[in-house]
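Peer 1: Give me the fold of what follows.
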Amino acid sequence: MITPLELVAAVTIDLVVGDPKSLPHPVRAMGWLVQKTERLLRGVMKGSVRELLAGIVLVVWVCFVVLASAVAIEWVLKGLGSRGTVPSIIAETLFLWLLATTLAIKELLKAARAVIEATKAEQIETARRRLSMIVGRDTESLNKEGILKATIETVSENLSDGIVAPMFYLIIGGLPFAMLYKAVNTMDSMVGYRNEQYLYFGWAAARTDDILNYIPARLTGAMIVMAVGIVRVVTGGRRLLSPAHALMVMFRDGRKHLSPNSGVPEAAMAGALGVELGGPSLYNGVLVEKPSIGEKINHDYLIAAEQALHITLVSSLLATSLGALCLWLI
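Peer 2: Modelled structure (predicted):
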């Protein structure tokens, strides 16, 4: 288990440094392992039933490798020397950096802000291209409002997947649990699709991700509801609705989403901003009819998207504060 100070330090590192491409990152190693394992399994297991079994093998194998590696790394780093010595300082620094790699606060805000800034400057093609790097849907035909809606949706979803969920597992199980979660989330992002290629092979990864995200998604919705009140005070409440409205929409529309988890933070965010999310979207040229979440009370999606970033940052800091408190009490 980590200490409150280690959690705060990890969040601080993530906010300041982020994930520079020049530095190695555990998620890239996980992605490599998933890719190589998928190729091996697909070469020997064909047919729907065998693909389903292969997908289960993929999840078990990748989780085992990542969990075992994380436990070994934590044991080595925590066991290096006494405090104050050069080896222990290096080990603790490396350990904090590994903790920080499980979080994605800076990168999420940076990527979303880049889309918003391009949209604000009427650089629609640039905004579409930047958006395509952080969402799974087709972006080529999206208008200005569609771009901003998609940005708000992905910020809401990734507040849960990339920030609150890994922080939750850091708190209850330290580095090994957080890395295990990141492995499952990585598998889901790579193979957890409901298309012809991954319908059976990706089933286990998608369902495991749903299970691990069930509690964090609802905690994220609660963080958003609490953050609304704070952001209203700090920004003067421009265009933001009340925490009560965010909570109402979260309970009313949170189950409408195709995902059992993504709809909760999206509904809370939609309620906070007074916007309508969801609706039909194209994925690889296929039209997917997604249910509408929230209602269009605020018609300025540009301001709403900017406020979504404020809520995301405040929610992240709230989660950090509450997480540190829980670790201190334990």
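Peer 1: could you point out the longest helix in the chain?
Peer 2: Taking DSSP state H as the criterion, the chain has its longest helix at helix 203-235.
Peer 1: what separates that helix from the chain centre, distance-wise?
Peer 2: When distances are taken as C-alpha atoms, centre = their mean, to the nearest Å, helix 203-235 is centred 9 Å away from the chain's centroid.
Peer 1: For that helix, list every residue counted as buried.
Peer 2: 203-210, 212-213, 216-232 (16 or more other C-beta atoms under 10 Å). In short, each C-beta sits where N, CA and C put it, glycine included.
Peer 1: likewise stretch 241-256?
Peer 2: 241, 242, 243, 245, 246, 247, 248, 249, 250, 253, 254, 256.
Peer 1: Tell me how far the closest residue to the first one other than its chain neighbours lies from residue 249.
Peer 2: What that stands for is residue 241. Sequence neighbours aside, residue 274 is the residue nearest to residue 241 in space, at 4.8 Å (criterion: C-beta to C-beta, 6 or more residues apart in numbering). Distance of residue 274 to residue 249, computed by C-beta to C-beta, to the nearest Å: 9 Å.
Peer 1: what residues are shared contacts of the two?
Peer 2: Common neighbours of residue 274 and residue 249, using C-beta atoms under 8 Å, 6 or more residues apart in numbering, are residue 294.
Peer 1: tell me the contacts of residue 273?
Peer 2: Taking C-beta under 8 Å, 6+ apart, one finds 152, 239, 240, 241, 294, 298, 304, 307, 308, 311 in contact with residue 273.
Peer 1: I should have written residue 262 there, sorry.
Peer 2: 156, 157, 160, 217.
Peer 1: where exactly do the helices run in the stretch 151-300 of the chain?
Peer 2: 165-191, 203-235, 243-253, 263-273 (DSSP state H, counting those that start in this stretch).
Peer 1: Among the buried residues of stretch 241-256, which one lies nearest to residue 72?
Peer 2: Relative to residue 72, the closest of the buried residues of stretch 241-256 is residue 254; by C-beta to C-beta it sits at 38.9 Å.
Peer 1: Was I right to think the closest one contacts residue 271?
Peer 2: No. Judged on C-beta atoms under 8 Å, residue 254 makes no contact with residue 271 at a distance of 9.6 Å.
Peer 1: Show me the shaky parts of the stretch 51-200 of the chain.
Peer 2: For the stretch 51-200 of the chain, applying pLDDT under 70 flags the ranges 81-84, 86.
Peer 1: mind running it again at 80?
Peer 2: 80-87 (pLDDT under 80).
Peer 1: ditto for the stretch 201-330 of the chain
Peer 2: In the stretch 201-330 of the chain (pLDDT under 80), the answer is 235-241, 282-288.
Peer 1: any idea where the strands of the protein begin and end?
Peer 2: 276-283, 286-294 (DSSP state E).
Peer 1: The first one pairs with which strands?
Peer 2: So the one you mean is strand 276-283. When pairing is defined by DSSP bridges, strand 276-283 lines up against strand 286-294 (antiparallel).
Peer 1: what's the angle from the strand it pairs with to helix 263-273?
Peer 2: 50 degrees (axes from the mean of the first three to the mean of the last three C-alpha atoms, to 10 degrees).
Peer 1: contact partners of strand 286-294?
Peer 2: So strand 286-294 is contacted by 249, 253, 256-258, 263, 266-267, 270-271, 273-282 (C-beta under 8 Å, 6+ apart).
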